[in-house]
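Student: Predicted model, plus sequence, below.
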Amino acid sequence: MSEWTEIVDYFRGRSMWMLHYCTGCGAIELPPTMTSRWDMERFGITPMATPRQADILLITGYLAIKTLKRVIYTYEQMQPPKWVLGFGSCTINGGIYWDSYNVIERLDKYIPVDIYIAGCMPRPEAILDSFVKLKEMVQNGEAKGYEKYVKNYEWYKANQDKVLKRTKPVLERIEKVTKIG
Amino acid sequence: MSSQDIEKKNGFAPIVGLKYLFKKPHTVRYPKEDLEVFPISGNSPNYRGFHTNDLEKCIGCGNCARVCPTDAVTMVETTDLKPANKFAKTVRPVFDYGRCCFCAQCVDVCPTGSLQMSRDYIHTFHPSVSISVEEEPEIVSKDFIWRADSTHVGNPGYVRNEKNKFDKVINFERTAPKKTDPAKRKISFSKYVQIYSKEEAEKEASRCLGCGACVEACPNELHIPEYISAISKGDPEESLTWIYKRNPLPLICGEVCTHQCEEACVVGIQGEPLAIRWLKAFSASNVDDYLKISNFLPKSNGKKLAAIGGGPASLSFGYYARLLGYDVTIYEAEEKLGGAMMWGIPIYRLPKDEMMKDINAILSTRIEVKLNTKVGRDVKFEDLMRSYDAVFIGVGNSKPMTLRIKGEDLENVVQGLTFMHMVNDGTLKDLNGKKIVVVGGGNVAMDVARSSVRLGADVTIVYRRRIKDMPADPEEIEDASQEGVKIVEMGVPIEIYGEKHAKEFEYAVASLVPDPSGGRPRPVVDDKSPHVKISADYVVAAIGQTPSIDFIPVDIQQKIGFDGKSIPVDEYGRTKVKGLFCGGDASNARQDIISAIGSGMRAAKGVEVYLAKEEGNV
Amino acid sequence: MELTPLNESNDDYRYYELFIGPNHPGIEGNFSYILKMKGHTVAEATPDPGLLHRGFEKLMERRLWTQNLALIPRICVPEPDVNEVAYCMGIEHMAKIEVPKRAQYIRVIVLELARIASFLFGVSGLGGTTGHYTSAQWLIGDRDYILDLFEWLTGGRVYHIYQYPGGVKNDLPEGWLDKLSDFLDYMGKRLPEYDKFIFKNPIIQKRTVGLGYISADEAIENGLTGPNLRASGVIYDIRKAQPYLVYDELDFEIPKTGDGDAFSRILQRRLELGESIKILRQCIKQIPQGPYRTKVPNPFQFRVPKGSYYSKVESSRGEFGYYMVSDGDVKPYRVYVRGPSYSIGLYYATKALVGMRIEDVPVWIHTTDMCPPDFDR
Amino acid sequence: MADILDEIRAMDLKASWLNDWEFEVIVPKERIGSVLDYLKSRTFKGFMGLSCVDWIDEGKFELVYILQSYDLSLEAIVKTKIPRHRPVIESMNAIWKLCEVYEREMHEFFGIEFVGNPNLRPFFLENWLDTPPLRKDFDTLAFSEELFEFKEDETHGINPPERIE
């Protein structure tokens, strides 16, 4: 059984399709990675339009609250095994939008992340590096973020709901007494 | 070309594609090969990648953390390295690459040039655990929070080096205040440094990085960044409000402070430090009515305090004690207030009207002053102790140290402060053609020398060590030599010759011997040292002084532990005797105005603490 | 048995809702239209922005004037330099900072290079939506050479953070202009090839000619700017009409297409690319020696005098405007960003898409070259 | 070119040049519609943007209309102030239909009511319950910390993330 998994993992790592979804500004470095200059098809990775056929969800940068909802929908639509790559500073710890009212800070509070790529923005080499690393991890059977999600669904769900299903104002509304004149 | 212009169909068209078979591949075969393509090879020479930091050179000023638009830089305490200089802090920047946007603004504002960026940019990681929730800044995460050190130093990218250091966003060049020409100023006692104009002050103030390294160097920790920022904003009144919080003598300090703050100024590491002192003088001289901005005066709380001596320490003590609601009486032996500021500092440095502006502002807070009242002669110290709730000693140093050489008791051999008193009260009017030898290398020696130059004398300063070892302000030394003061280095006084008056002064040229115990190198005179004689009409010994507290009964003197040099006090200026406080030069090792002001202010707080405690006991 | 042909009056074609985007290869960036469809035809289009909203205008109020330089390039990702230049020009106008000639030339070079890069990026996206993938491979590849040049000049590939109030941060590196010249030669050789396989391509022509016609009056009324406006026949270019930097010293023309359809919009951009190359060649020749930056106070003390100003730059998408208000402090009081795609993406699209067939929607979106980050902010 | 300013001044309005191609006009709230209408008839046909400045100390919102004349190559900045408390102003959608979108945005970010604008639904933000975010009294950092940071003492009855396998 375990040998069979190993074989499956080996082939999985050689053909990973990436969902074509640009969530933030990091999307600008994907065309060079996808096309002739860096050509990620060399690694068996190619963009795919539908979540159901994709293996990799590349979160290219910051997630606005509105996008977070779509990303979660997308992630849940994807078939396991599936892997999430957090791309750029923004996904790691908020990045340059650390104090923004509409951008989440840490991606792995909402969905499990397998690999982070530091940088703002990361160069195509860094993206390829992460793909190579992901491939190794998949072939070694290490990248199991999707299992983590199922196991800790409660925790993820609570975090998601805190952001997405607000029912009362986050901050207490302070009416500032304006001086006139 | 238009919308009708369509390429004709051609069966051979695909053959055109064949030519690309013979071209060099366009693809960068990362990770097998690195970027080496048109138009440049490798990635940019000034690429903005991960940070490197020369931890020894870094002084922990925190400007990188303050300028960071993403709040990615945290200053974290380090223990494993020794600081670069005495003002350096032990904190070093730690970068959060979950925040950093690689804008290089931290590199631009690094005043030491220690922070740089490398060309390393690849960091992909599997989050081993989820990012810890309570992220303590002390914990350096290996995943993406790193202390910038020399890890990436082998691949330098965006670097600001010695060559283009003046190209940074920091302005390294000082706006020098206008000074009168040396030839003109040496014949007049009028002030020779002009206070900044508004434009000059704003320009100079705009160089401030606001890091506050100066605050720690200042004996009284003035709100320096705040008041400079207010000047840069064009608001001298706000600036003075900030100064007044910790210094009630802004104009005096603006003119004659020893400005340790400027030594600590981070801009001074690669360029010229900010002229913090002149900026203070600017805001003080640009506000006519101090009272408009000075603090609200509370009602008197009925408690009475006495301050002995009318110098900066007592004035500061009086002002802040008055702000706390006490009634203060200052006892001054001379006919005017000011102490060492009045009698010790020449008027070309501090015009008396400017000084009185500050003092009058303090007095207008209804502080009682008893002039010509010497404690011990006119009133008894014990009476003061009895009739006041607390007594503050701010007498300063008036007992000069002696040269301990032969001929010291001759006429015309005087002490520095005595000489300055004579110049300032007008007893010494003319020294035309006289030869004067000044022994010492401090600010008093410079004052004596330069005052004598202005009275027409020919002045030689004899100092035991080298010029660069002189404790005097380098600017003073430079100005003095511009005015024609001769400075003899390594001169150890041997003897003063003369029958009644001093006639000749002999010194030996010493050599510097390193101190085995690790102190400063010591000048040593041996048999081989050449001896030089110079003629002298006056010999002025300006080698320091000690406090004179003869007015205090001996038993109390012993009780407070007076050792002949200074009175030991705690952080609040309290002596070992209940209700007796001390400040100023008499208790400070650092004998300057700003320390005196600081000790006065702390003593005022000490009084508050002491009296509150007394009341609690009752 | 004879089948009744399905037509639009047939009841089988009912209204239904279709989300195009955010997760859709046909849309540019992370943006969405909610289309009400009848059969293949759009009956109603509602833009659904905010997927990229980061609250820039709020964040800028919290940061120092110069700290914002790190933030603003992110407003328009494919062409970040227009943001930096417009922002710096506004500051310089309010603080009355003189910009050295050399810096102005460098800014023009940067802006025009960014314009070319943005064109290449935009048209490659069109290739993606029309199934013409060769254009994506070629144009993105060529765009990378520009990014290499930028990286050499500024130290960053995408976000340059190169402008500074009073000029630019670094001087041109030695040999940079030669490389730029080489690149322009290369580009000159490539352009005929582009023409051949994109603009004279029957597929592209059939998909774009006559699509989404906009008349001149309509374009003005709907707030269109830039190439989209000029493609409708209104020859208005800020570089000519209200010359900023050194555009009045450079000799270039505003190309005229004037058909007002999707094809003339991309053709307009293609022709302006030729003018950009012309401008760059002149800049290489004319750029003077001298300082590249006027000294301004350091970031902590940099204050902009009280006032307000609307500074604008002609970007590859149209008018990029910054309305800035200062209260004399170290931080801006308010910055309002007018993205060039705002009016076309959020307002005009609701009119233009109505009656369009679904397969034309992505083509129309790409020919207007809209950039969601600049209106989402 | 200069006479446009004289014309505006003749209407008893304050107007001044900002630079060679940009002038600003300060209009009382009641006359904003007529002034914009007039400017549109004087070739200022392009509506470039609508912005708002929150003068919190003054208790006013300042609405800024940016207009463009393609014939004269001029930019007009028209400003008007409205009270900050219950801010209401008439919608300009009768003059420029396009204005609707800008007003919708200002409604969302500042909470300004535009009378006559039928479409003031949420725009960029989803499920927004707090103070309109671009008002000066909205603290974005506090909001971000409150909403996006996970606090340990908050007991949701769930595991803190360290315990995640």
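Tutor: Received, thanks. Numbers count the residues shown, from 1 in each chain, chains lettered A, B, ... in the order given.
Student: Around the residue of the stretch 1-150 of chain B found nearest chain A, how many other residues sit close by?
Tutor: Nearest to chain A in the stretch 1-150 of chain B, going by Cβ to the nearest Cβ, is residue B:98, at a distance of 2.6 Å. (C-beta placed from N, C-alpha, C; glycine too.) Residue B:98: 29 surrounding residues under other Cβ atoms under 10 Å in any protein chain shown.
Student: Let me see the contact set for the nearest residue to it once chain neighbours are set aside.
Tutor: Leaving aside its sequence neighbours, residue B:98 sits nearest to residue A:93 (Cβ to Cβ, 6 or more residues apart in numbering or on different chains; 2.6 Å). The neighbours of residue A:93, taking Cβ atoms under 8 Å, 6 or more residues apart in numbering or on different chains as the test, are A:105-106, B:96, B:98-99, B:131, B:144.
Student: same check, this time on residue B:422
Tutor: Residues counted as contacts of residue B:422 (Cβ under 8 Å, 6+ apart) are B:414, B:428.
Student: tell me the pLDDT at the residue in chain A that chain B sits nearest to?
Tutor: Relative to chain B, the nearest point of chain A is residue A:93 (2.6 Å; Cβ to the nearest Cβ). Listed pLDDT for residue A:93 reads 80.
Student: Low-confidence bits of the chain, can you list those?
Tutor: I'll assume chain A. In the prediction, chain A carries residues with pLDDT under 70 at positions A:1, A:173-181.
Student: was after chain D, sorry
Tutor: Scanning chain D for pLDDT under 70 picks out the ranges D:1-2, D:150-165.
Student: State the distance from residue C:148 to residue B:520.
Tutor: In this view, residue C:148 and residue B:520 are 57 Å apart by Cβ to Cβ, to the nearest Å.
Student: Oops, could you answer that again for residue C:101 instead?
Tutor: Residue C:101 sits 55 Å away from residue B:520, going by Cβ to Cβ.
Student: if we can go back for a sec, now do the phi/psi pair for the residue nearest to residue B:98.
Tutor: Backbone torsions for residue A:93, taken as degrees, to the nearest 10, come to phi -150, psi 40.
Student: any idea how far chain D is from it?
Tutor: When distance is defined by Cβ to the nearest Cβ, to the nearest Å, residue A:93 is 10 Å away from chain D.
Student: so how many other residues sit close to the nearest residue to residue B:182 once chain neighbours are set aside?
Tutor: Excluding the flanking residues, the one nearest residue B:182 by Cβ to Cβ, 6+ apart is residue B:482, at 4.1 Å. Residues within reach of residue B:482, counting by other Cβ under 10 Å, total 14.
Student: surely residue B:482 meets residue B:181?
Tutor: No. Residue B:482 lies out of contact with residue B:181 (Cβ atoms under 8 Å); the separation is 9.2 Å.
Student: quick one: which helix or strand includes the residue nearest in space to the middle of chain A?
Tutor: Closest to where the C-alpha atoms of chain A average out (Cα atoms, centre = their mean) is residue A:59, at 3.4 Å. Using DSSP states H and E, residue A:59 maps to strand A:56-60.
Student: packing partners for that strand?
Tutor: In this structure, strand A:56-60 makes packing contacts with strand A:16-19, helix A:65-77, strand A:83-87, judged by 3 or more Cβ pairs under 8 Å, 6 or more residues apart in numbering or on different chains; DSSP states H and E.
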